[in-house]
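> the following block contains a protein sequence and its predicted model.
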Amino acid sequence: MQKIWSGTINGKKIEKSIEQSMTLLHFLRDELSLLGTKVGCESGDCGACAVIIDKKLFNSCITPAFAVAGCEITTIEGLSENGQLHPIQKALLDTGSFQCGYCMPGMCMALKCAMDAAEHNLTEEEIREAISGNLCRCGSYSLVVEAISLLQEVKKS
């Protein structure tokens, strides 16, 4: 049975008729063509599908779309502004912090959420904690920590 979903995604008001049982992941990808949110485990374990909902990190694969109707949702596509990469994305790219890149959208969202919530520069331990819900099969964790540490140093100076 279809029902109207209404909310804000990446700063745009959205109203769309979708199946009531649809997950947020499939709503974003299949109905809105926001393909940056990746399909991984579909059980909430890998973080490839992470998005920010009302300033909190969620795995969209286990989040019913209608549970977050009316919320402010940000996907990886919503991080860039005027065609420019977000500083987190740029730092990860500039330092070669990924190999295949499949986990990077989810990691970027986790890092943005953690950095926005912190009132200080994240410590190495806090960066590792922020990305602990993201599975990187290439093992790029230490490069991600290095990139974010460097980004924070640049922002501080």
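Now that the structure is in, tell me what you want to look at.
> which residue is nearest the middle of the chain?
residue 109 (2.8 Å; Cα atoms, centre = their mean).
> that one in helix, strand or coil?
helix (DSSP: H, G, I helix; E, B strand; the rest coil).
> and the closest residue to it other than its chain neighbours, bridged to which residues?
In this structure, residue 109 finds its nearest non-sequential neighbour in residue 50, 4.3 Å apart by Cβ to Cβ, 6 or more residues apart in numbering. From N, CA and C alone the C-beta is placed, and that goes for glycine too. With DSSP bridges as the criterion, residue 50 is bridged to residue 59.
> what's the distance between residue 50 and residue 149?
21 Å (Cβ to Cβ, to the nearest Å).
> more neighbours: which of the two?
Set side by side, residue 50 and residue 149 show more neighbours around residue 50, with 30 against 17, by other Cβ atoms under 10 Å.
> walk me through the domains of the protein.
2-77, 87-156 (automatic domain parsing).
> and the shortest one, what's its mean pLDDT?
Domain 87-156 shows a mean pLDDT of 94 in the predicted model.
> tell me who's in contact with the residue nearest to the centre of the chain.
50-52, 57, 74-76, 79 (Cβ atoms under 8 Å, 6 or more residues apart in numbering).
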